[in-house]
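**Student:** what would the 3D arrangement of this be:
(one chain, ligands or ions: 1)
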Amino acid sequence: MKNSNAKESNVITQTDWRLQGQDWLREELLRYERYAPVRHGSEHDHCEFCWVPFRSREVPGTVREGYVTQDRRWICDTCYEAFKLMFEWVLET
Ligand SMILES: [Zn+2]
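**Tutor:** Okay, the predicted model is just below:
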């Protein structure tokens, strides 16, 4: 019997549930930022992949900072790490 490699199950594949054809995010220029809504009181941004909500205050089940594109689309830490190679993102420094 062939040995299964436990490491392989952690590899992100094209069938990951978070992938919904976000081709518009390919090779985007990203910046790491503390979340801030475009307008005061309109906090309804979420991660483009896993839909975790972004909030400017500490709220359970939400995140306070992440990677943002030039047109203010947000990607959380976890998804950035999971998909950075697949999407070839460029990080602004
Ligand atoms: Zn995410």
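**Student:** which positions in the protein make contact with the ion?
**Tutor:** For the chain, the contact set with the ion under C-beta under 5 Å from the ion comprises 47, 49-50, 76, 79. C-beta here means a position set from N, CA and C on the backbone, and glycine is covered the same way.
**Student:** same thing but 8 Å
**Tutor:** By C-beta under 8 Å from the ion, the residues of the chain that approach the ion are 18, 47-52, 66, 75-80, 82.
**Student:** so of the residues you listed, which ones are in strands?
**Tutor:** Judged by DSSP state E, those include 66, 75 as members of strands.
**Student:** filter the residues of the chain next to the ion down to the ones in helices?
**Tutor:** Using DSSP state H, the members of those that fall in helices are 77-80, 82.
**Student:** write the ChimeraX selection for whichever of those are buried.
**Tutor:** Here is the ChimeraX command that selects the buried residues among those (16 or more other C-beta atoms under 10 Å):
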select :79,80,82
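**Student:** could you dump the ones in helices among the residues of the chain next to the ion into TSV with pLDDT added?
**Tutor:** Listed next are those as TSV, based on pLDDT from 0 to 100:
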residue	pLDDT
77	97
78	97
79	97
80	97
82	95
